[in-house]
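Peer 1: predicted model and sequence below, questions to follow.
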Amino acid sequence: MFAFPPRWLAGTEIATYRLAGDLAKRGHEIHVFTPLDDGLRKEAVEQGFNVHRVTVAKPRLARSLSFWVGTTRRLRKTSPDVVLAQGTDVGVCALLAKVFTGQPYVVWARGSDVYGNRLLSRSLTRLVLRKANAAIALTEDMKRQMQKLCMRDVFVIPNALDVKTFGDSARAKLDLAMPERQDCKVIIFVGTLRKVKGVEYLIRAMRIVALRRTGVRLVLVGDGEERPFLEDLTARLSLSDIVTFVGRIPNERVPDYLTAAHVFVLPSLSEGFPGVILEAMACGLPIVSTRVGGLPEIVEDGKNGFLVESRSPDEIAEKVILLLEDDSLRTEIADANRKKVERYSPQAQIERLEGILGDVAAALVAGHGAPGSRKTQLSIKR
């Protein structure tokens, strides 16, 4: 992995951390390879799995090259039964390991690696997909995009969420972050503040919402390189009194903020399968999201939320106002979301993944039982 908790807490990092722990609990020997962050140990055991942090160079291009080389060397020493690459970018390590040692690998695309337009990235993605022993997408749309790059079979396994972890939320009501929020209707965004997340258009939509009704607030949970621009935009639109930048919070506190809100908005310009969508559903929030990537497969327009075009503050504002003004509609959608999110159970995800990994391992190592049933030594790279 190019990033991993505790320092990095974006969707892929959180999903991979949970996945590694779940696989370890089922008896697999798990090794996670990720770059070394300052202040962390090179070797650690967390939640029953091994974390190997690889020293990398600082410059961006050199960072990738040094990680690929360093991880490939470590993979040769670890000698796993199968390598699971969390993204086609880190799949380069798995490809190199396969070339030099014959270790099989499975690549699980995450979104930006497939939907990105950079020529070099797409060329690497195509190569990694072609050479993989198996390929997995998060959504049917992602599968189609992968098959445009490389005509091959692609499995679809969505992200998962254990809804039980959202059942005992403290429902903090944002008192610590915003003690002045009494009697407000809260719109919330949770994610990294990057251009691709489209938060600029949500802030512009809030200008429209504020002109049409009082007692509304926007809470932005997360941090990123676009935060200074977004804070400046908020000030220029005279919205500083109703927009709160919370910054990064521990992932276990996300349910507290979600349960305190009334509408969740994800205005992304490109998206694979954001895990925060499932978290918002588990908390009973109606969703307003853009009609991009795999989002239409999760958000059914008019049933568990609304879909809008990207870069459209007017549409975002229209749907947000509709949800804020119709309490019965919000309640109806909340019930639908709590029911729908149960489809994305970790049990179903893990069993499907085990089957694929087991088939790949069994195809190269004979005599180890039925495909998908034996306990394998896995290496996850992110």
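Peer 2: Okay, I see it.
Peer 1: quick one: contacts of the host helix or strand of Arg74?
Peer 2: Arg74 belongs to helix 60-78 when assigned by DSSP states H and E. For helix 60-78, contacts defined as Cβ atoms under 8 Å, 6 or more residues apart in numbering pick out 2, 31, 33, 35, 52, 54-57, 83, 89-90, 92-94, 96-97, 100-101, 103, 377, 379, 381. (Glycine included, C-beta is placed from N, CA and C.)
Peer 1: which parts of the stretch 151-300 of the chain are strands?
Peer 2: Remark: strands assigned in the stretch 151-300 of the chain by DSSP state E, counting those that start in this stretch are 155-156, 185-190, 216-221, 243-247, 263-266, 287-290.
Peer 1: make a markdown table from the ones you listed and add mean neighbour count to it.
Peer 2: As requested, the strands of the stretch 151-300 of the chain are exported to a markdown table (neighbours: other Cβ atoms under 10 Å):
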| stretch | mean neighbour count |
| --- | --- |
| strand 155-156 | 16 |
| strand 185-190 | 24 |
| strand 216-221 | 23 |
| strand 243-247 | 18 |
| strand 263-266 | 27 |
| strand 287-290 | 26 |
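Peer 1: make CSV from those and add mean pLDDT to it.
Peer 2: Converted to CSV, the strands of the stretch 151-300 of the chain look like this (pLDDT from 0 to 100):
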stretch, mean pLDDT
strand 155-156, 96
strand 185-190, 96
strand 216-221, 96
strand 243-247, 95
strand 263-266, 97
strand 287-290, 97
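Peer 1: out of the contacts of helix 60-78, which are buried?
Peer 2: 2, 31, 33, 35, 52, 54, 56, 83, 89-90, 92-94, 96-97, 103, 379, 381 (16 or more other Cβ atoms under 10 Å).
Peer 1: in helices, which of these appear?
Peer 2: With DSSP state H as the criterion, helices contain Val92, Cys93, Ala94, Leu96, Ala97 from among the buried ones among the contacts of helix 60-78.
Peer 1: show the contacting residues for the last one.
Peer 2: With contacts defined as Cβ under 8 Å, 6+ apart, the neighbours of Ala97 are Thr72, Leu75, Arg76, Val83, Gln103, Tyr105.
Peer 1: excluding residues flanking it in the chain, which one is nearest it?
Peer 2: Leu75 (4.3 Å; Cβ to Cβ, 6 or more residues apart in numbering).
Peer 1: and Ala210, how far from Asp241?
Peer 2: Distance of Ala210 to Asp241, given as Cβ to Cβ, to the nearest Å: 9 Å.
Peer 1: ok, those two, which is more surrounded?
Peer 2: Ala210 (20 against 10; other Cβ atoms under 10 Å).
Peer 1: show me the contacts for the closest residue to Lys195 other than its chain neighbours.
Peer 2: Spatially, and ignoring its direct neighbours in sequence, Lys195 is nearest to Glu226 (5.6 Å; Cβ to Cβ, 6+ apart). Going by Cβ under 8 Å, 6+ apart, Glu226 touches Leu193, Arg194, Lys195, Lys197, Val199, Glu200.
Peer 1: so Ala135 bridges to which residues?
Peer 2: Going by DSSP bridges, Ala135 is paired in beta bridges with Val107.
Peer 1: neighbours of it, how many?
Peer 2: Around Ala135 there are 25 residues (other Cβ under 10 Å).
Peer 1: is it in contact with Leu149, as I believe?
Peer 2: No. Ala135 lies out of contact with Leu149 (Cβ atoms under 8 Å); the separation is 10.2 Å.
Peer 1: can you map out the helices along the chain?
Peer 2: Under DSSP H, the chain gives helices at 11-25, 60-78, 91-101, 112-115, 119-131, 140-149, 199-212, 227-236, 254-259, 275-282, 295-298, 313-325, 327-340, 346-364.
Peer 1: from those helices, which stretch is densest packed?
Peer 2: helix 275-282 (a mean of 26; mean count of other Cβ atoms under 10 Å).
Peer 1: which elements pack onto it?
Peer 2: Counting contacts by 3 or more Cβ pairs under 8 Å, 6 or more residues apart in numbering; DSSP states H and E, helix 275-282 is packed against helix 11-25, strand 185-190, helix 254-259, strand 263-266, strand 287-290, helix 295-298, helix 327-340.
Peer 1: let's see 10 Å
Peer 2: helix 11-25, strand 185-190, helix 254-259, strand 263-266, strand 287-290, helix 295-298, strand 305-308, helix 327-340 (3 or more Cβ pairs under 10 Å, 6 or more residues apart in numbering; DSSP states H and E).
Peer 1: that older thread, need the helices of the chain in CSV with distance to Leu218 and mean pLDDT, can you?
Peer 2: Formatted as CSV, the helices of the chain follow (distance: least, Cβ to Cβ, whole Å; pLDDT from 0 to 100):
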stretch, distance to Leu218, mean pLDDT
helix 11-25, 21, 88
helix 60-78, 32, 85
helix 91-101, 37, 90
helix 112-115, 25, 82
helix 119-131, 33, 86
helix 140-149, 28, 93
helix 199-212, 5, 97
helix 227-236, 9, 98
helix 254-259, 12, 90
helix 275-282, 15, 92
helix 295-298, 20, 92
helix 313-325, 9, 97
helix 327-340, 17, 92
helix 346-364, 31, 90
